[in-house]
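S.K.: test case, fold it:
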Amino acid sequence: MKYSFEEIVHFDQQSNEWQWQLPTYFNICEACVDQHAATDKSSQAALIVEDEALGTSQVTYSQLGQKTSQFANLLQSLSLSKDNRILIRLPNSLEYPIAFFGTIKYSAIAVPTSTLLSASEVSYLANDSQASVLVTHKTMWPELENDLKDSSVQIVLLTGEGELPQSKRFKLIDFNEALNLQPTGFTGPKTELNDPAYLVYTSGTTGYPKGVLHAQRALLGRLPASRYWFDFQGGVSERIMHSGKFNWTYVLGSALMDPLLHGHTVIAYEGHNDAHTWPKLIQKHECSIFIGVPTIYRQIIQKTDYSGSDLPSLKHCMSAGEHLSDEMQTLWEERFNAPIYEAIGMSEISYYISQHKQAKVVPGAAGFIQPGHKVELLNDQLEPVANGEEGMICIRADDPGLFVSYWNLPEETVKAVHDGWFFTGDYAKRDDQNYVWFLGRKDDIINTFGFRVSPHEVERVIKAHPEVADCVALGEDVGKDKTLIVVCVIPEPDNNITEEQILDYGLQKLAKYKAPKKVYLVRDYPRTKNGKVLRKKLLQNLEQYLIKSHQ
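M.R.: Now for the predicted structure:
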């Protein structure tokens, strides 16, 4: 296999630093698909899709190579320029990687979007990215058509069964029929490391989503995670399943690009799901690695009777998106004999701090900076802080995994990347053993009576209470220069835990200044479409989330 960690990343004894040896030319589709289509992996399944309505389908590396070439040829036949943006709004399906990788093979820019977005939100992304092509499912098109009539979109490629709709405004094309008319070989100009590849959208500071543009090199920048989070080893074939959708950056990387780069098999699911869905699929497909978010792990523990003997293929699991409680890590490993390794990342660089198999997992610690990434905790003067001191996590601006720019937002890019560093906005401490202890966003850290308290530290402790299902810690202003630590707690089902019991527990387990002073018992939290808790919105709209008997 080309592009292994050992081939690209080396430790230089003389400089005592990790060095990258990057190729001049690189293409994500060639690395993830085409290189395997020319090996003994050609007949191996690259992707298996379990669709609740359509059943099971799969595509081999050889077939995916041919299909992505057909897609690239289709874009060429439409006379699209190489830097055109191709908006992808599809469910988890075989067509998703065909469109995503095929776009990149052609040297256009793939723009993944969520099927959960409203039509007006899709219209905003289309206009902001100036996408000329939309790839979506026939069942989704009717709700989008009207909102997109004034957008930049000219051509719509429609997947799925059924007749092709008619439109005077758009050029509508049947995805599969058009693909089948194209040759299965494609030879385009070589792409260089810094050529754009894909554009993802994340929450912006203005209230509108912000485009994050990544280059071809982004995939190589993820190699440290393949060794120090996934624990991919040469010659061992893995079967990997993620509980999320391909449009989410977390899933796009960890459940599509990363596994395929190393020639593994990905299992994806589309349909309604509950706690039993994931163990059933792990069992059916003999998955060796499962990737999810803390909510999924908690539901499986609470609502199913599955254990390690039911899932003998499972070697380890991975989690990101929000903090996984120490209690859940312990319960999961005891029951399934498969540890969960947590990681920290963001849309701009993916995952660069993680727990991993080669090092002991310390409760509460986020893990280590992955070898290969140059990361420092810096103070306001851009000086490294001492161990035990709080600093902003900053990443060297020449990191191969770092994004190119914020789309059409040059001032935002300059604010985030300067003086040789990318400022993540996240704060952390590092101990004498080099474990990183995540504190959170600057805005999330609670300033209470002269103390700075990480909400994650409070949450970690309160979540360990056996009758607490989940917890979010916030700072509530109750007067001028007077901020109290409050916790919004989702109780475990069918228990009668009280606010007083939680307050007492906090005083027993935390320093007095860190202990919560008020408790709200809630049904749920406001979340993004990817499940992340919206902390500010929770505090602003607390009344609507309170359990009625506690209002």
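
S.K.: domain parsing for this structure?
M.R.: Domains of the chain are assigned by automatic domain parsing as 61-216, 448-550.

S.K.: next, the distance between the ends of the first one.
M.R.: Separation of the first and last residues of domain 61-216 by Cα to Cα, to the nearest Å is 20 Å.

S.K.: ok, longest strand in the chain?
M.R.: Assignment by DSSP state E gives strand 468-479 as the longest strand of the chain.

S.K.: what does stretch 15-34 contact?
M.R.: With contacts defined as Cβ atoms under 8 Å, 6 or more residues apart in numbering, stretch 15-34 is touched by 2-3, 7-12, 46, 61, 64-65, 68, 101-102, 104-105, 190-193, 197-198, 216-220, 256-257, 260-261, 371-374, 400. The way it works is simple: take the backbone N, C-alpha and C, and place the C-beta from them, glycine included.

S.K.: secondary structure element for residue 123?
M.R.: helix 119-129 (DSSP states H and E).

S.K.: name the residues of that helix that are buried.
M.R.: Across helix 119-129, burial judged by 16 or more other Cβ atoms under 10 Å covers 121-126, 128-129.

S.K.: got the CA positions of it in PDB?
M.R.: The C-alpha trace of helix 119-129 is given here as PDB (Å, rounded to 0.1, in the frame of the first residue of the first chain):
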ATOM      1  CA  ALA A 119     -34.500  23.500   1.600                       C
ATOM      2  CA  SER A 120     -33.600  27.100   2.500                       C
ATOM      3  CA  GLU A 121     -30.400  25.900   4.200                       C
ATOM      4  CA  VAL A 122     -29.400  23.900   1.100                       C
ATOM      5  CA  SER A 123     -30.100  27.000  -1.000                       C
ATOM      6  CA  TYR A 124     -27.800  29.100   1.200                       C
ATOM      7  CA  LEU A 125     -25.000  26.500   0.900                       C
ATOM      8  CA  ALA A 126     -25.500  26.400  -2.900                       C
ATOM      9  CA  ASN A 127     -25.300  30.100  -3.200                       C
ATOM     10  CA  ASP A 128     -22.400  30.500  -0.800                       C
ATOM     11  CA  SER A 129     -20.300  27.800  -2.500                       C
END
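
S.K.: what's the first helix or strand after it?
M.R.: strand 133-137.

S.K.: what's residue 226 sitting at in phi/psi?
M.R.: Backbone torsions for residue 226, taken as degrees, to the nearest 10, come to phi -60, psi -30.

S.K.: give me the three-state assignment for the closest residue to it other than its chain neighbours.
M.R.: Distances taken as Cβ to Cβ, 6 or more residues apart in numbering place residue 232 nearest to residue 226, at 4.7 Å, with adjacent residues excluded. Secondary structure, DSSP: H, G, I helix; E, B strand; the rest coil: residue 232 is coil.

S.K.: wait, residue 232 touches residue 262, no?
M.R.: Yes: using Cβ atoms under 8 Å, residue 232 makes contact with residue 262 at a distance of 5.0 Å.

S.K.: what is in contact with these two at once?
M.R.: 226, 238.

S.K.: related to what we said a few turns ago, how far is the helix holding residue 123 from where the chain is centred?
M.R.: Remark: helix 119-129 is offset 21 Å from the chain centroid, using Cα atoms, centre = their mean, to the nearest Å.

S.K.: neighbouring contacts of it?
M.R.: The contact list for helix 119-129, computed with Cβ under 8 Å, 6+ apart, reads 85, 87, 89, 109, 111, 113, 117, 131, 134, 143-144, 146-148, 150-153, 199, 201, 208-209, 211, 407-408.

S.K.: keep only those of the residues you listed that are in helices.
M.R.: Among the contacts of helix 119-129, the members falling in helices (DSSP state H) are 143-144, 146-148.

S.K.: picking that back up, what about the residue nearest to residue 226, how many neighbours?
M.R.: Applying other Cβ atoms under 10 Å, we find 23 residues neighbouring residue 232.

S.K.: for residue 304, same thing?
M.R.: Neighbours of residue 304 under the rule other Cβ under 10 Å: 17.

S.K.: packing partners of the lowest-mean-pLDDT helix or strand in the chain?
M.R.: Sorting the helices and strands of the chain by mean pLDDT, DSSP states H and E puts strand 451-453 at the bottom, at a mean of 82. Packing contacts for strand 451-453, counted by 3 or more Cβ pairs under 8 Å, 6 or more residues apart in numbering; DSSP states H and E, involve strand 446-448.

S.K.: strand partners of the strand it packs on, parallel vs antiparallel please.
M.R.: strand 451-453 (antiparallel) (DSSP bridges).

S.K.: I'd like the next helix or strand past the strand it pairs with.
M.R.: helix 455-463.

S.K.: quick one: that following helix to chain centroid distance?
M.R.: Relative to its parent chain, helix 455-463 has a centroid offset of 22 Å by Cα atoms, centre = their mean.

S.K.: that's all I had, so thanks and see you.
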